[in-house]
Structures are given as structure tokens and as C-alpha cells.
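Participant: Return atomic coordinates for the entry below.
(2 chains)
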2 protein chains.
Amino acid sequence: MRVVNRRELDFLLYEMFDVEKLLFSERFAAYDRESVKQFLDTAESIAEDIFLPIAALVDKEEPAFVDGRAIVPEETKTALQAFADAGFFALTFDEDAGGLQAPWFLYTAISGMFTCANVGVTNYAFLTIAAANLLNAFGTEDLKRRFLAQMLAGSWFGTMCLSEPQAGSSLADIRTTATEVGDGIYSIRGSKMWISGGDHELTDNIVHMVLAKIPGGPAGTKGISLFLVPKRRVDQDGNLGELNHVQLAGLNHKMGQRATTNCLLNFGEGGETLGYLIGEPHRGIEYMFHMMNEARLGVGHASVMAAQAGYFASAEYAATRPQGRPIDQRDPQSPQVAIVEHADVRRMLLAQKAAVEGAQALCFYCATLIDQLRIETDAEKRRQLSNLLGLLTPVVKSWPSEHCLEANKWAIQVLGGYGYTRDYPVERLYRDNRLNHIHEGTFGIQGMDLLNRKVAGDRGATLDLLISKMKQTVEEASTLPRTAELVGSMQAALGELERAAETLIDCQDVKLRSANATVFLDAFGHVVIGWFWLRQSILAERALDGDVPETDRSFYQAKVVAARYFIRHELPLAVTKLSLCASLDDTALVADPALFAVA
Amino acid sequence: MRVVNRRELDFLLYEMFDVEKLLFSERFAAYDRESVKQFLDTAESIAEDIFLPIAALVDKEEPAFVDGRAIVPEETKTALQAFADAGFFALTFDEDAGGLQAPWFLYTAISGMFTCANVGVTNYAFLTIAAANLLNAFGTEDLKRRFLAQMLAGSWFGTMCLSEPQAGSSLADIRTTATEVGDGIYSIRGSKMWISGGDHELTDNIVHMVLAKIPGGPAGTKGISLFLVPKRRVDQDGNLGELNHVQLAGLNHKMGQRATTNCLLNFGEGGETLGYLIGEPHRGIEYMFHMMNEARLGVGHASVMAAQAGYFASAEYAATRPQGRPIDQRDPQSPQVAIVEHADVRRMLLAQKAAVEGAQALCFYCATLIDQLRIETDAEKRRQLSNLLGLLTPVVKSWPSEHCLEANKWAIQVLGGYGYTRDYPVERLYRDNRLNHIHEGTFGIQGMDLLNRKVAGDRGATLDLLISKMKQTVEEASTLPRTAELVGSMQAALGELERAAETLIDCQDVKLRSANATVFLDAFGHVVIGWFWLRQSILAERALDGDVPETDRSFYQAKVVAARYFIRHELPLAVTKLSLCASLDDTALVADPALFAVA
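Facilitator: Next up, the predicted model:
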């Protein structure tokens, strides 16, 4: 089993997105193609040699709740230590914050290998990085001095505490309170639910980033503040002190991603829980949203990586498992062939490849947008980059959660009965991936974000910008003999996208418009992925017209076939869905809730 | 939690398929609407009170392999005893075989409740019934005398032993041998894989129906014979004797349906395994196929029931879980609403309802075809019924495996994070259902069966018969004011189905045709389900035009809405897929297997 296809990665970085241009910037001056390669080599070997081999074990031995403690397999700690030793916790942080100031595309490539290998263990690292990001961006110098270095070293882990039992998607309704007891110090009381990495004994301390309400503040999300709440108190010199009464009340037993503890935490139980205000009061949601693009990109990318792992496993199985004969071979005594010889097995592999590599291209495109935002100084260009990233964020979060999960389904199917057992990784990957549709904002929430905020919000201006980029690609493709075939489908899709978007933007009935949001998101995602396939096909055709070595020839030919698969099999489905949106479908909207009562 | 919607069942039986007509026949003379109701009442109470409450437990405590024995939770035995005590093992067998001679629709309704409640435990019963069916149809009077009564009483269970480690979908390649050692008695040697219920200590004996090759017979499937192989030998008087050396070599650890042991069995290990020939030598596959329609109907129906359980659970959750506010309610201090108030949640419920009730209608249609076949004497009518059942069998097996699994996905989504935990049944149902796409013939195998054997095999004659029935429904719908809206979509789908089928039938390149088989099956299934929704909509509109009580009004309105959902949201996707088939798509066919090597 592999954790990455390095040829694919090089294709994305250097042929498709030309990241070397980013490396010329002052911000990334420490990086060049060679040092990027060294980072990738290190990550690949740790992910493949340490994270991958324990993936089945940490799934099977799910965290146990023993005497109020969360116990996880020892191997989890060893793996994360290797991740920390390589410096990966600090990868994207600025040098003056103690980080390596690496470009986001490099972080994406590296994190991809780890999530492909073992998402459950890797989650601890990503959560820590996300919490450290918040602290670094909005925390006081004093808090940073006491907490940040430990987090960037991977010595203390971090969490994000948003949800509560009664408030999942609806943060306005959280009830956790923060009462000031000193300068910037608050007493925190309440329960937080679904806290990934919320408790464990992997590190000496855990740094929770907690949303809570300061009594007397505004109602709803405008009254939410952000607090740093350690598991153990930390004195002014950064020394560990007594426990901070963040009590583990129970573990959730999940279908997948089981290596990551998922906790119900009670703050202020059995003693006072002290928290430190991050930034200004009542701006907690705003701070969270500052991190949201990266976090949602991370979830979408993890979904792609689960599917990539399934694709690798099923492609390997298909190439080596003998079963059956060609349909025109009727002699039962002829030898069986590898199942990849059956066209329908190749169809299932193509479906996976098209979803994985299409979505991976989108992830890296968004990663380069983040990098460009970090180096761009022109205000208008920054605005465009930021809007484009905002428009694509719900897609990168949701499209893989839906269609790369589907890819995991086909990976199981290729393996047949074997795929349904724990002897192979594909059933675990399918279980792992199912979470990605839920956390960091569900499919429905992402749809509303896309349609109401990102598309209707600027009356289609950013969408038009993206569509104009897509049309450029279509024009380019139409001049090449072999991509020309795909142009018609892509034009049809773009036409229907414009028609649906226009109708939805013009729709003044926000309920009716919103009732079409999820379907619109799904279909829009298909058009975006179709665009990335068209771009990949153009690059591949051009390479094939040149003088490429034999191994590369096969790589590019595979790109051409996968592009054809996506645009023939998948893209027309989006046209159908966009037509439905353009009709302002009200089927679900007008359905009386009472109709779903089971007699 | 419920295991059945009785109002829905009555609708299917008495309004949609008018099963009372079947009950007028001599064969089913013992049954009337009242006795059917009593059977259903009994089944419902056993399924709901005994099978449902242990479903989570038998999933969690999966079978253990201890000292060569398969250990399952004691509760499994208690539940199956209740099933046996109610006489359900003998339900469909002829009275002169010791059975209750019930119509297949009644068996379908009853088995549906049990699979909805707890598929893992119920599997033991269905496998026993399938094995008993084979014995009853083709076994000698002597074998029936010694084994059948015990099986129909549920005292001994049965299994089907087809697959081997190297021969799953490719039965031609089985290696298990049967060497004659006496009159009709054979020595069996070989390994059988994926044997559901293959070993356990729930009953004193297990009756395996085993496919094996008599040395010197024809190659391939034409050399396969069928044998009855007991776990313990049974003397002429039916007394249990010594062990028959069917050795449990290991258990497969599955993602779902975990209550059912899944075994690797070695025959002839540590001593001689005796088997008894069923029927004539070399006709084993033919006998198996005799049972195939019922078995595949059973798998498809189990898939529908997994989705029904998910629909019930998520509809109940949606009605009671408060979260968020209407999109046009901006006051964060207004009370939260139940999530069913959000249109996108209703969309997910409609998607489930449309899949579940559409597919359930197909299952009952097929059940009534089986019943009609049992009472019809006219040869031409029998031929038509048989062909129609054969045409629909791959659809009833596969469509739910794909689209009712999708429904289970949405059930999890409605519950959000809770749905991803073992505290609710929806994640288990999703895992359980994933198997149905694999066993009893994969999606790909069913596609080939449909397109090559059932559609091209008679050059579309049976398909035309079905299409003419569909067109009658369309004509009927076009005369009603409110179903008329749906007619256009259905006509478009039928037109594209005819075009695709004609092209595929005319295609002389069997490889090219077959490369379109799975997509054709999927899309054809949509058209069939669309037809059943149109029929349900017609019935509902007519009822609503009449004088119905208020509770019934809501039932019929829900039908109208779900029909509209399916025909607006789903059916057009089939048209798109049929267009692809009509283009004789060769994308996967021409893809070089070498392209899938991971670099």
C-alpha cells in the first residue's frame, strides 16, 4: 500500500499549478523544488512506515473510557512523536512565531500523505495546528509565550470546542458561559459535545479553544467569545500546574475515524475551569471563520485522501486477483484473468480515479489560492483571490464528502466479499470517510453558504469570474484535436450553470432559493471538477504530443481516459440537476412536515 | 422504532396489487384477508419485541472463533426460537411437504419485518429456508424424510455453500470434489468461503447445500453437482450421529450483518465428509438457478428494509430534534424548530421515502409474480410471468443495493454527528446494507444478466412487454389532472429506454454491449421505480378525490409528494445515463488495464 502517488503530486504542483512561481516570493524564499522534495520524502516515509501500519489496529482498538480517562493505543503516541520530530506541527507558521513558514500547498501535500495513511491518528495533529493557528492569529503575546511553542513542538495538543449537545449546526444556541474573574481570565461553565481529541493521555496538556458566552452580551452568534482553556493550568513561566477541571464525561463510539477520541467535556465540574479570552469579547465566531477556509479545505482533502487510499488498494487488488474470463472466452479450462481485465472493474476504477484526482486538483488549486493570498499585496487582486477561495470552499468541503465517499464504495465493490471484511482496508476507509459529510458544516450548511452567501451575496460576480476562467479553458481545449470532444459537454454544463445561477440569484423568495441549495452545490461541484479534468486533459494531450518517456506516457494516457470518463459519465448528471435548480424546484419546500410521520 | 408501516403494507397488498385475487385460488384457499392480518400481527410483534431490541447487541458482540467453534450471543438463539415457534420456517412450503402453503407476498411481508428489525439474526432463518427449498424441490424422498421436517421446524439450520477462496463470482472454477463411495453417497473434499451461518451452536445440526465437482465430469459450470452435507451425520431414522468432519477454519470479520457467522469451511478435514447427491449429477447450477429469483428478491428486499429502518429512525429524529430556525427568522432568541421544518431535511427524508417505498412496491410486484406463477396453468401466461420475473430479478437485486444504501447514507446525515455513533441504529444499517451489493451476484454480474440474457436474449420481447405495461400507466396518468405533470418525464424516460435498448440489442460486439451493462441496469431500474411511483401517485390522487378519513389523507398526500420527488429529482438522471448507453460508451472498455498501475 502507498500513501501517495508522487508522479501525480509533481504533476499537480509543477505542471498544473506551477507552484515554483510562488516559491519566488520573499515569504517562501527558504523553499525551492529540491527542499520541497526533501520535505515530501520525509513525510512519505513517516506516513508509510509509521502511520499506515497501525491504521487497522487503532481502528479496532477504539478509545476506552476507564475511570474518567480516555485510553488510546500506545502506538498513537509513537506515531505522533515522529510527526512532531519532523517539525510538521510548525510547518505553516511564520518564522517569527517559531514556524517553518512553508507554503500551504506543501502542507496540503504532506497532510494528504498522513490522512491517506491513517486519518484517525493524524487528526490529533491537525486539531492542534488549527488551535495553534487561532492562538497565533488572535491571542495575546503573553498567551502565545506560555502555550504556542509547546503546541508547535507537538508537546501539547489542541482542540476546537464549538458544539454542544443541544447546539450542533446551530452555534447561536450554545449555552456555555464565561464569567470574568480577573483581567482577561474567565470562569468557564458548560458542556461541549463531539470534541475530537478532547481528552487523552498522549500529551501532558491539552489546549482547548472554546466558544462561550459572556453573560449580558448580545443574543445569538454575536454574543459568542473565544477562550483558551487548558486541561492543566500553566503558570507565567509556562510550567504545568494543577488540573483545570475540564472533566471527560464520556466518549462517543463512532463508525469510523475511531483512533481519534471524541468526547463530551464538562467545563467547571468539580472545581473552577479558568479560560483566557482570545481577542476581543463577542468576536469568537468571526475568529473561527477566519480559520474556516483552511479547516474546510482540510476536511475535503481528507475525504479525497480516504478515497485515494481506497483507489490504491482496489487498483492493486484488481491487478492481481484472478477471477473469471473475458466475456468472449467460453472455454472454462482457459486460465482465469486478473479482474482488471473486466471492463466493469475498470469502470469502477475510473470512477474512483476521476473522483480522487479531480478533487485533488481542486484541493491544490485552493491551497495555491491561500498561498497567493499570503503574498499578494494588491488590494483588488487580494479581494478576487479571497472571493474565489470563499466561493470554492463549500465545494472543496462537500464535493469529496459526497463523491469520494462514493469512490470508497466502489473500492469495496472491486474487492467483493473480501472488501467487506477487516482483512482489507477498504471497509474502514468507507467508514472513516462517512464523517466528512457531517463535521465542519454539513452538506446542507455548505449549500446555503455557497448559494446564499457566496453566489447570491455578490449577485454572481465571483461566480462570473470563475466561469470566465472556465470558458478560457474550454476555448483552449477546443483548439486541440483530442480534447475537442469534451468541449461540447463542458459548454452545455457551463450554459446550464449560468442559467440556474441567474434564476436562483433573481429569486427573491429566500426559502425557495435555499431549498435548491444542496442540489446546486452538488451540481456546481461537478462543473468545477469537470473544469479541472478538462485542464488535466489539455496538459496530458500536450505532453503526449511531445517527447515523453514510456512511463510518463502511461501516466498521461490515464489522465486522458479519466477525463473522458468524468466528462462522459458524470458531467451530464450535473446538467440534469442544474435544470432542476433552474426550475426553482419546490418539492421538498412545500412538503408538509406532518407527511413524514410513520403511521 | 417500528419494523413496518402497516398502512403502507395494506396499501401495497390491497390497493396496489390486489392480492385478494390470488387468495381466491385453490392453492391459497386457507388464506383470506383476516388470516393474513393475523400472520402479520404475529410477525410484527415477534420482530419488534424480540428481534429489534437485540440488533445493536448482536452487532457489537460479533461471532468469536474459540477453539475451532463459532460462538454467538445467546440472544440469537432465543430470537430464532420465537421465529420457529410461530411456524415461519415452514411458511411457503406446500402442505404435503409439511408447510403452511402461504403466498409469497405474505412471506415477503413477514420477512421484511424481520430484516427491518435485525437482518443479522434473520439471515439464519432465510438460509435455512433456501436450503430446505432446494432439498424439497430436488432431493429424494429418503433425504427429505431424514432432513426436511427438522429444517421446517427450525430445529436444524441450513446453509448454501457455493463460493470458494479462489472462486467467488466465477463458480466455474470451484475445486471442491465429490467422489462416490456408495449409492448416492459421496466423499466431499475442499474449502468453501463466505458461508453465512456456516457454523454455530444455535442448533444441533447444520444442513449444508454444497456445490462440488464429481471427478471426470464436464469442465466449468456444467460439471457442478449439488450435495446435501450435514454437520452431523443422520441415520436412517433421522437420529443424530457422529460429526461429519466439516471443519470451521475461520470466521470472516465483516463490516456489517455481523450477527451472522461468515465462515471458511474445510470439508474432509480430519476425517471423511459424507455428502448426498441432490437430483442428478452435473445439474447443480441448474438447481441453484431454480431458487435464484427468490434468493435475489430476498437480498433486494433486505436492502429495502435496511433503508426503511433508516427512514423510520431519521424521520422520528427529524420530528423531535430541535435545531436552528427558519431561514427567514433572524431573531436568535426565538425558539429552535424541529429539524423537519428545514426544507433540506425534508429533501433527505423524501429521498429515503422515494427509494424505500418505490423499491418496496417493486419487491411486492415480483412477489405477486411468483404467486401467480404458482397458480397459473396456461403455458403462454406462465411463460410471460416467468420472463417478466426474470427480467426484473436483476433490478430487484441491484437497484435497492445501490439506491437504498444511498437512503441509509441520508438517514445518517439527518442525524448529523449522532448518526455517526453507535447510540443510534443508522450507522449500523448503513454498514449492514453495504453487503447487499455483493452477495447473490454483484452489481456487475446482475447487469450482464439483465442486458445479455434477459434483454438481448429474447431480442427485447420481454422488455417490450414491460414497456407496454408502463405505457398503459402513462396513458392512465395523463387523464388525471394532477398526475399529468409527471407524464412528460416518464414518457421521456421510456423513449430513451427504448432507444438505448434497441441500440444495445443490435450491437453485435458483445464486449462493447457488456461494457454498458451496469449503467443500463442502474438506469433501467430508475425507470421501473418511476413506473411504480406513477402507479402509486395515480392511486393516491384517486383516493384523495374520494372521501377518505383525515389520517388516510395524509398518507396519500405523502405518496403524491414522494412520487413527485422521484420523478423530478431522480428519473431525469436515468435519461442521462440511458443516453450514454445509447451512445455505446466504450470509455472503460478501451482503457488499458496498465493505466491503473499506481506509479
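Participant: is stretch A:106-124 anywhere near chain B?
Facilitator: No. Stretch A:106-124 is not in contact with chain B by C-beta under 8 Å from any C-beta of the partner chain; minimum separation 11.7 Å. (Glycine included, C-beta is placed from N, CA and C.)
Participant: Could you give the average pLDDT over that stretch?
Facilitator: Mean per-residue pLDDT for stretch A:106-124: 98.
Participant: Pull up the residues of the stretch 251-400 of chain A that are close to chain B.
Facilitator: A:252-256, A:312, A:315-316, A:318-319, A:322-328, A:331-333, A:336, A:338, A:340-347, A:349-350, A:353.
Participant: make it 6 Å
Facilitator: Applying C-beta under 6 Å from any C-beta of the partner chain, one finds that the stretch 251-400 of chain A approaches chain B through A:252-255, A:312, A:315, A:323-324, A:327-328, A:332-333, A:340-341, A:343-344, A:346-347, A:349-350.
Participant: Out of these, which end up buried?
Facilitator: Taking 16 or more other C-beta atoms under 10 Å in any protein chain shown as the criterion, what is buried in those is A:252-255, A:312, A:315, A:323-324, A:327, A:332, A:340-341, A:343-344, A:346-347, A:349-350.
Participant: Just the residues you listed: which are in strands?
Facilitator: With strands taken from DSSP state E, there is no overlap with these.
Participant: Sitting in helices, which of the residues you listed do you find?
Facilitator: Counted as lying in helices by DSSP state H, out of these, are A:F312, A:A315, A:A343, A:D344, A:R346, A:R347, A:L349, A:L350.
Participant: Now render those as CSV, adding pLDDT.
Facilitator: Output for those, formatted as CSV (pLDDT from 0 to 100):
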residue, pLDDT
A:F312, 98
A:A315, 98
A:A343, 98
A:D344, 98
A:R346, 98
A:R347, 98
A:L349, 98
A:L350, 98
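Participant: Tell me the one of those nearest B:I129?
Facilitator: A:D344 (31.4 Å; C-beta to C-beta).
Participant: In contact with the closest one, which residues?
Facilitator: Shown in contact with A:D344 (C-beta atoms under 6 Å, 6 or more residues apart in numbering or on different chains): B:G444, B:T518.
Participant: how close does it sit to B:G447?
Facilitator: 7 Å (C-beta to C-beta, to the nearest Å).
Participant: Could you do A:I375 as well?
Facilitator: 51 Å.
Participant: between these two, which one's more packed in?
Facilitator: B:G447 (24 against 14; other C-beta atoms under 10 Å in any protein chain shown).
Participant: Wait, a helix at the more buried one?
Facilitator: Yes. Assigned with DSSP: H, G, I helix; E, B strand; the rest coil, B:G447 falls within a helix.
Participant: Please give me every residue in contact with it.
Facilitator: So B:G447 contacts B:A517, B:T518, B:L521 (C-beta under 6 Å, 6+ apart).
Participant: Likewise for A:F312?
Facilitator: With C-beta under 6 Å, 6+ apart, A:F312 has these contacts: A:R2, B:V598.
Participant: just A:L494 next, same as before
Facilitator: A:M470.
Participant: Right, and chain B sits closest to which residue of the stretch 151-300 of chain A?
Facilitator: A:G220 (2.6 Å; C-beta to the nearest C-beta).
Participant: Quickly find the element holding the residue in the stretch 1-150 of chain A positioned nearest to chain B.
Facilitator: Residue nearest to chain B within the stretch 1-150 of chain A (C-beta to the nearest C-beta): A:R7, separated by 4.0 Å. Under the criterion of DSSP states H and E, A:R7 resides in helix A:6-10.
Participant: Residues contacting the helix or strand following that helix, please?
Facilitator: Downstream of helix A:6-10, the next assigned helix or strand under DSSP H and E is helix A:20-23. Helix A:20-23 has contacts (C-beta under 6 Å, 6+ apart) with A:F28, A:Y31, A:D32, A:P103, A:D371.
Participant: Buried ones in helix A:20-23, by neighbour count?
Facilitator: A:L22, A:L23.
Participant: Give me the helices and strands touching the next helix or strand after it, please.
Facilitator: Downstream of helix A:20-23, the first helix or strand assigned by DSSP H and E is helix A:33-46. When contacts are defined as 3 or more C-beta pairs under 6 Å, 6 or more residues apart in numbering or on different chains; DSSP states H and E, helix A:33-46 packs onto helix A:104-138.
Participant: Buried residues of the helix it packs on, list them for me.
Facilitator: A:104-136, A:138.
Participant: Report all helices and strands that it contacts.
Facilitator: helix A:33-46, helix A:55-60, helix A:74-85, helix A:141-152, strand A:157-161, strand A:206-213, helix A:284-320, helix A:343-375.
Participant: Okay, buried residues for the very next helix or strand once past the second one please.
Facilitator: Which is helix A:55-60. Later in the chain than helix A:55-60, the nearest helix or strand by DSSP H and E is strand A:64-66. By 16+ other C-beta under 10 Å, the buried positions in strand A:64-66 come out as A:F65.
Participant: what about strand A:64-66, distance to the chain center?
Facilitator: Distance, stretch centre to chain centre, for strand A:64-66: 29 Å (C-alpha atoms, centre = their mean, to the nearest Å).
Participant: Wondering if it reaches chain B at all.
Facilitator: No. Among the residues of strand A:64-66, none lie within reach of chain B under C-beta under 6 Å from any C-beta; the closest is 13.2 Å away.
Participant: Each with direction, which strands does that strand pair with?
Facilitator: strand A:69-71 (antiparallel) (DSSP bridges).
Participant: List the buried residues in the partner strand.
Facilitator: In strand A:69-71, counting by 16+ other C-beta under 10 Å, buried: A:A70.
Participant: hmm, who's touching that strand?
Facilitator: With C-beta under 6 Å, 6+ apart, strand A:69-71 has contacts from A:P63, A:A64, A:D199, A:H200, A:L248, A:T261.
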